[in-house]
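Engineer: make a model of this:
(chains A and B, ligands or ions: 2)
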Amino acid sequence: MAKHFQKKGRRILGWDLQDWIKGFFGTNATLSIVILLLICFYLIREAVMFFPSHHQGLTLYRQTGQEFVGHLIEEVDEHAKIVAMTDQAYYRELDEKFGNERGVSDSYEALLEPLEDAGEDFIDALDDEEEGAQEAWDTFATKTLSKVYKKEIDTFNRLDDDSWNALLASMKGWDPLEGDPPAFVEEARAKMKEGMASFELARAEVSAADDQLDSLRGKLVKIASVVREDAKAELTSAARKIALEQGIASTTDPDKKAELEEKLSEVKIMDSFPFAARSTPMAESKDAHKAAAADLKAKLTAGVAKLPAEFASQPAAELIERVRKKTPDVLEELDESVAEAARWRWDKPVGYFDSALQFFFGRDWVTNSSWHDFYGLLPLFTGSVLISCIALAIAVPFSVGAAIYVNRIATRLEQNIIKPVIEMVQAIPSVVLGIFGILVLGEGLREFSQVEALSWIPGFPMQERLNILNAGLLLALMAVPTIFTLCEDALNNVPRSFSEASLALGASRIQTVIKVILPTAISGIFAAILLGLGRVIGETMVVLLVAGNKIAMPDWGAGVGVVAQPTHTMTGIIAQEMGEVADGTLHWRALFLVGLVLFTISLCINVAAQRIIRRLSHL
Amino acid sequence: MNDPSTILESQDVAAPTSGTIIDIDDLSFSYDLGKTNTLRNISLDIPAGKVTAFIGPSGCGKSTLIRCLNRMNDLVDTAKVTSGKISIMGQDIHAPDVDAIELRKHVGMVFQKYNPFPKSIYENVAYGLRVQGIKKKSILDQAVEESLQKSALWSEVKDRLNTSALGLSGGQQQRLCIARTIAVKPQIVLMDEPCSALDPIATARIEELIAELQQDFTIVIVTHNMQQATRVSDRTAFFYLGELVEYDDTQAIFGNPSKKQTEDYVSGRFG
Ligand SMILES: Nc1ncnc2c1ncn2[C@@H]1O[C@H](COP(=O)(O)OP(=O)(O)OP(=O)(O)O)[C@@H](O)[C@H]1O
Ligand SMILES: [Mg+2]
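Structural biologist: Ligands and ions are numbered 1, 2, ... in the order given. The predicted structure follows:
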């Protein structure tokens, strides 16, 4: 039979060109899948192994009695927050009422520096009662005082020119040997002290409320730390013994052998560490804890009640208002904490589920601590989410607006300018953006926030240069190109005939956009936003540089002002700590677990976006 | 704002029921800022209350001209009227104080490819009124029913007004587009090959509809279908390469054309 329809062309190893091309792309695809699976496998394996070790760590934390002491530490910390707020309010009020006096007092201290440092020789001469020493000193002092700049001495610019001159004048005849401040300064100080007396008193009382609790804490921390060290040594000594025995067996050098044997004889292994006995000091402190807490409660309530009700400074009033609001919460938490501490027993087993929860909902992330390492995801997660929300809140209106403008309103020329410019933003390396964020945006924002007239904005004036807002702004910049481009695509996919029909019905361009184009493109826009979110949540460099890297739950009491606080993120922590941890440690696995959480979030976002897009294309 | 109904009333700008409603005078039009003229020196009076058909070979500028009438060509950045003018109801539509949006409320348009919005049937018809700021349900309801009835769609869709317009058949969708256009009560309805995407039965229904709409509107229709032109139109204009070749009563154009080109075209010898 005649042969027909055979494939033509040369064959190499039995494959023709088509087969080879097919094979090449097929291999690539397979390889990507295999690599992805390997990554997933590795990530999951390392991450999951976190849980048993974490559970062990928590068990030890309980057995040593540290868990009990942990409650005290937390209680003292909570109290410290109230003290910090009160102090802040105090200084705000002080500045408002006696800014000038405070300026005099502080500037006086600052003036001493050039006088005493540079004038050391003259002072020595005076001390030795050398001849002409007084004149020499006087000339020196006059010269120095005429050369100082107000800007350098009065750094916060508290003084007006009159007071500044008065201060300088009062320094004439200042006796370096006595060192007493001039009467002018004394007066200012007395005035300050008198005016702030009642506030100062209340402040001191608030601040001292935890004295009893704090000293108990200090005592127990010491004890528990020792227990922890001993227990750890005990746990490692078994492993040490094995290592030493192996060493002895493998060395031939008698000296070294003897040395190792001596070391081996020092290794003591108890059958089990006497946790029960060693943690008794903690168990026996339960009553003292209760008493100290009650003391704190009484004193704090009294102290807060004594805080002034009227303020000259608005921020001070707000801060004290917050103190008043927060105090009952803190006291309530204190009660709960005390009750929980009372339930502590060294031998109560730690639940596996609880230890997992402690990771996902733990509020502390503390590593390399000589006390105890905490691995709590919550502050990092919150930081990531907060920054992402801010980034989206800023990026979405901008990029959707720009997309609408470019797609439906702009002229050709404008399109040709705007589109490449926005897409160019994507080309900025994130490190460069980070530098910009630190040096320009951060500094600029802080300066801007100092403007008196803007102090009503929550979070203003900003204390920190690196904060959530700054990071959010930069990430918004990074998300704009993504959202813009995808949004524009979505708008482009709205058939022209829709807008023509709308316009032909007498609708304006804006009406057309709002009533026809946006509703038609809405799922595409939503997908664009989701993908923008994916980009933002996974971004590392910018947040590492700009977010401030403070691992703590944000202080929600600041309301919207929370954005002025520094934070840390899931991506940032991995980038920051991964390089420094030893393989296979608990810390290392914790970072892998954070990575896994991040991966899961990104995956969900992407899947959701893909689904929306797919549903859209079926329309 | 005003009582919504007055907005509807205001649509009834003294529409002539006879005589010329659109006066195209020596119009030249360019898509490239005057480098080349797509339409050249076209003069044409379109009578009120009649159906006028534009015919001619593909690319001769029928769509361009019809889109000039409601200034849809404004959407093309480089489009420009290079000479002449168009007056509708006596108003030069390119005068500086004329708002294209206002104009389009009086000069509606039905497109070649039916293009209802991806909204419900009701919202499609109500759209033109809604963009004029009419919110009152009773007025909208009435306008929707009236328009759907006029476009012979009411009985087919009255039970599914709130379902998506995209679920209708092609012919129904095109009738819906007509309903949507007439809901704002324009004086003139422009139709650019309204049947070219439809099968013969759907086409017949649209043609019937045009005959009925003629009572209320002045209709300008572009068509490639000679029979359709003879069936529905009173006057016919034949265009060739951007110029108006002949314009006369439909019977005259098809029965006794005065130009050779026209005769060749209508008898199917080219185009
Ligand atoms: N938006 C536009 N921009 C530039 N040139 C255009 C545009 N629209 C149409 N043209 C050109 O103008 C000329 C006339 O086109 P038009 O669409 O008016 O023809 P037509 O008579 O409607 O043809 P058909 O019967 O195929 O619809 C064509 O050469 C076309 O290429
Ligand atoms: Mg056409």
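Engineer: can you name the element that comes right after the helix-or-strand element of chain A with minimal mean pLDDT?
Structural biologist: The helix or strand of chain A with the poorest confidence is strand A:11-12; it has a mean of 77 (mean pLDDT, DSSP states H and E). Using DSSP states H and E, the helix or strand that follows strand A:11-12 in sequence is strand A:15-16.
Engineer: so which elements touch that following strand?
Structural biologist: Strand A:15-16 is packed against no helix or strand, with contacts defined by 3 or more C-beta pairs under 8 Å, 6 or more residues apart in numbering or on different chains; DSSP states H and E. Every C-beta, even on glycine, is put in place using the N, C-alpha and C of the backbone.
Engineer: that strand: partners in the sheet, and parallel or antiparallel?
Structural biologist: Using DSSP bridges, the strands paired with strand A:15-16 are strand A:11-12 (antiparallel).
Engineer: so which residues make contact with the strand it pairs with?
Structural biologist: With C-beta atoms under 8 Å, 6 or more residues apart in numbering or on different chains as the test, strand A:11-12 has contacts from residue A:20.
Engineer: cutoff 10 Å now
Structural biologist: Applying C-beta atoms under 10 Å, 6 or more residues apart in numbering or on different chains, the set of residues contacting strand A:11-12 from outside is A:17, A:19-20.
Engineer: of those, which is the most crowded?
Structural biologist: Within the contacts of strand A:11-12, most neighbours by other C-beta atoms under 10 Å in any protein chain shown means residue A:19, with 15 neighbours.
Engineer: give me the neighbour count for the residue nearest to residue A:111 when sequence neighbours are not counted.
Structural biologist: Nearest residue to residue A:111, sequence neighbours excluded (C-beta to C-beta, 6 or more residues apart in numbering or on different chains): residue A:153, at 6.0 Å. For residue A:153, the neighbour count with other C-beta under 10 Å is 20.
Engineer: with residue B:81 instead?
Structural biologist: Neighbours of residue B:81 (other C-beta under 10 Å): 18.
Engineer: give me the distance between it and residue B:31.
Structural biologist: 11 Å (C-beta to C-beta, to the nearest Å).
Engineer: who touches both of the two?
Structural biologist: Each of B:39, B:73 lies in contact with both residue B:81 and residue B:31 under the rule C-beta under 10 Å, 6+ apart.
Engineer: show me where chain B has strands.
Structural biologist: Applying DSSP state E to chain B gives strands spanning B:20-30, B:37-47, B:51-55, B:80-88, B:91-92, B:107-110, B:188-192, B:218-222, B:235-240, B:243-249.
Engineer: on that earlier part again, and the residue nearest to residue A:111, what does it touch?
Structural biologist: So residue A:153 contacts A:103, A:106-111, A:113-114, A:159, A:164, A:167-168 (C-beta under 10 Å, 6+ apart).
Engineer: drop anything exposed from those.
Structural biologist: Among those, those buried by neighbour count (16 or more other C-beta atoms under 10 Å in any protein chain shown) are A:103, A:106-108, A:111, A:114, A:159, A:164, A:167-168.
Engineer: now, which of those lie within helices?
Structural biologist: By the criterion of DSSP state H, membership of these in helices covers A:103, A:106-108, A:111, A:114, A:164, A:167-168.
Engineer: what's the most distant pair in these?
Structural biologist: Greatest spacing in these, by C-beta to C-beta: A:103 and A:114 (17.4 Å).
Engineer: those residues of chain B touching ligand 1, which are they?
Structural biologist: Residues of chain B that fall close to ligand 1, judged by C-beta under 6 Å from any ligand atom: B:31, B:38, B:56, B:58-64, B:76.
Engineer: so how do I select the buried members of those residues in PyMOL?
Structural biologist: To isolate the buried members of those in PyMOL, using 16+ other C-beta under 10 Å:
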select buried, chain B and resi 31+38+56+60+61+62+63+64
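Engineer: of the residues of chain B next to ligand 1, which belong to helices?
Structural biologist: Members of those lying in helices (criterion: DSSP H): B:62-64.
Engineer: residues of the helix or strand encompassing residue A:321 that come out buried?
Structural biologist: Using DSSP H and E, the element containing residue A:321 is helix A:314-343. Neighbour-count burial for helix A:314-343, counted by 16+ other C-beta under 10 Å, picks out A:315-320, A:322-323, A:326-327, A:330-331, A:334, A:337-338, A:341.
Engineer: for stretch A:244-263, give the mean pLDDT please.
Structural biologist: Average pLDDT, stretch A:244-263: 82.
Engineer: and if you look at stretch A:208-226?
Structural biologist: 92.
Engineer: in it, what counts as buried?
Structural biologist: A:209-210, A:212-214, A:216-217, A:220-221, A:223-225.
Engineer: tell me what the most centrally placed residue in chain B is bridged to.
Structural biologist: Geometric centre of chain B, nearest residue: residue B:190, 0.6 Å, by C-alpha atoms, centre = their mean. Beta bridges link residue B:190 to residue B:109, residue B:220 when assigned by DSSP bridges.
Engineer: surely it touches residue B:182?
Structural biologist: No - counting by C-beta atoms under 10 Å, residue B:190 stays clear of residue B:182, with 12.0 Å between them.
Engineer: touching, residue A:122 and residue A:139? I think so.
Structural biologist: Yes - with contact defined as C-beta under 10 Å, residue A:122 and residue A:139 form a contacting pair (8.9 Å).
Engineer: quick one: residue A:277 and residue A:287, what's the gap?
Structural biologist: Residue A:277 sits 19 Å away from residue A:287, going by C-beta to C-beta.
Engineer: sorry, wrong one. I was asking about residue B:198.
Structural biologist: For residue B:198, the distance to residue A:287 - C-beta to C-beta - is 92 Å.
Engineer: which one's more surrounded, those two?
Structural biologist: Using other C-beta under 10 Å, the more surrounded residue of residue B:198 and residue A:287 is residue B:198, with 20 against 9.
Engineer: my guess is the more buried one meets residue B:177, correct?
Structural biologist: No - with contact defined as C-beta under 10 Å, residue B:198 and residue B:177 do not form a contacting pair (11.5 Å).
Engineer: tell me where chain A has strands.
Structural biologist: A:11-12, A:15-16, A:365-366, A:374-375.
Engineer: what's the third one packed up against?
Structural biologist: Under the contact criterion of 3 or more C-beta pairs under 10 Å, 6 or more residues apart in numbering or on different chains; DSSP states H and E, strand A:365-366 touches strand A:374-375, helix A:378-404.
Engineer: quick one, what contacts residue A:536?
Structural biologist: So, once contact is read as C-beta under 10 Å, 6+ apart, residue A:536 ends up touching A:384, A:387-392, A:395, A:471-472, A:475-476, A:478-479, A:482-483, A:542-543, A:605.
Engineer: one more time with 6 Å
Structural biologist: Shown in contact with residue A:536 (C-beta atoms under 6 Å, 6 or more residues apart in numbering or on different chains): A:388, A:391, A:475, A:479.
Engineer: and for the residue in the stretch 201-350 of chain A positioned nearest to chain B, nearest residue in space, chain neighbours not counted?
Structural biologist: The stretch 201-350 of chain A approaches chain B most closely through residue A:314 (43.4 Å), counting by C-beta to the nearest C-beta. Counting by C-beta to C-beta, 6+ apart, residue A:314 lies nearest to residue A:455, which is 7.7 Å off, once chain neighbours are set aside.
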